[in-house]
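[1] The amino acid sequence is not available; the structure is as follows:
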């Protein structure tokens, strides 16, 4: 609809290698990977006029669907740095073997479950490979060799929790606010709750009480190691944005985003 309103050419610029060079989960540690860009002329004003809004949306959906791990593998881009799995637990927070959440640890070239001990190596080409424990013979089965498949499985688990009514997140947070374009203000501490009813943020000695319903957004602005402060969950409206930094509660940011997206789909349906 926006394209039909503007009636201007649509050009897409896609970077290749940027994620492999500096993935969000990896604590801003840069890898030696070349970065390039492709420029593609997607639509002329005449094509936009002829196509329906649904057809335009389908095209954009196709163009904005990507898998950077697959790109790395298909193009044989080696990431040889010994820290390539640091922080990978931010994305892969649930163990596929024992199903424990928040006990994964990505460190060096490996990610392991601190509950059951299962360990995986992140290879130079972005594949996962389960490793045998000390004293064991052959390496155990690798449930997911492809990181996006593991992440997709976590989404399915969250969806199941929502459908069963067992999903709930309640964590202490440090709260920052944006109320103008000057700066972000640190305002105090509070508690962030996420449930099928949406988000509820309270804090600042009772002065803050904000509720956000599930239909407010189809996704969640969340990030890892945001401005080197920490992992962040951001909610809010036109009056204020609240940047919530979970305190001492494990890796919950990725799961909260998945839950937000799946909850939006369920409520809309």
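    Here it is on my side, so go on. The structure presented is a predicted model; accordingly, all values stated were derived computationally and were not measured. Residues are numbered from 1 along each chain as shown.

[2] So which residues of the stretch 1-150 of the chain form strands?
    Here the stretch 1-150 of the chain has its strands, by DSSP state E, counting those that start in this stretch, at 10-16, 36-43, 104-107, 110-113, 119-122, 128-131.

[3] Same list (the ones you listed) but as CSV, adding mean neighbour count, mean pLDDT and distance to residue 154.
    Glycine gets a C-beta too; all of them are placed from N, C-alpha and C. Formatted as CSV, the strands of the stretch 1-150 of the chain follow (neighbours: other CB atoms under 10 Å; pLDDT from 0 to 100; distance: least, CB to CB, whole Å):
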stretch, mean neighbour count, mean pLDDT, distance to residue 154
strand 10-16, 13, 95, 26
strand 36-43, 11, 96, 30
strand 104-107, 19, 97, 11
strand 110-113, 21, 97, 13
strand 119-122, 22, 97, 15
strand 128-131, 17, 96, 14
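
[4] Show me which residues of the top helix by length along the chain are buried.
    Across the chain, the longest stretch assigned as helix under DSSP state H is helix 147-164. Judged by neighbour count (16 or more other CB atoms under 10 Å), helix 147-164 contains these buried residues: 147, 150, 151, 154, 155, 157, 158, 159, 161, 162.

[5] now, which of those residues sits nearest residue 219?
    residue 155 (12.4 Å; CB to CB).

[6] Which residue, neighbours along the chain excluded, lies closest to that closest one?
    residue 258 (4.8 Å; CB to CB, 6 or more residues apart in numbering).

[7] Assumed the one you found was part of a helix.
    Yes - counting by DSSP: H, G, I helix; E, B strand; the rest coil, residue 258 is part of a helix.

[8] Name all residues that make contact with it.
    154, 155, 158 (CB atoms under 8 Å, 6 or more residues apart in numbering).

[9] Now tabulate these in a markdown table and tack on pLDDT and distance to residue 233.
    Formatted as a markdown table, the contacts of residue 258 follow (pLDDT from 0 to 100; distance: CB to CB, whole Å):
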| residue | pLDDT | distance to residue 233 |
| --- | --- | --- |
| 154 | 98 | 16 |
| 155 | 98 | 17 |
| 158 | 98 | 15 |
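
[10] Distance of residue 183 relative to residue 190?
    20 Å (CB to CB, to the nearest Å).

[11] Pull the contacting residues for residue 109.
    Shown in contact with residue 109 (CB under 8 Å, 6+ apart): 82, 83, 84, 85, 121, 122.

[12] Now the two most distant members of the residues you listed.
    83 and 121 (13.5 Å).

[13] Number of residues surrounding the residue nearest to residue 19 when sequence neighbours are not counted?
    Leaving out its chain neighbours, the residue that sits closest to residue 19 by CB to CB, 6+ apart is residue 68, at 4.0 Å. For residue 68, the neighbour count with other CB atoms under 10 Å is 18.

[14] Please verify my assumption that residue 68 contacts residue 21.
    No - using CB atoms under 8 Å, residue 68 makes no contact with residue 21, being 10.3 Å away.

[15] now the longest helix of the chain: how far from the chain's centre is it?
    Helix 147-164 has its C-alpha centroid displaced from the chain centroid by 13 Å (CA atoms, centre = their mean, to the nearest Å).

[16] Helix or strand: which one has residue 167?
    If you go by DSSP states H and E, residue 167 is not part of any helix or strand.

[17] Kindly provide the distance from it to residue 211.
    From residue 167 to residue 211 the distance is 17 Å (CB to CB).

[18] Who has more neighbours out of those two?
    Taking other CB under 10 Å, residue 167 and residue 211 do not tie; residue 167 has more neighbours (19 against 13).
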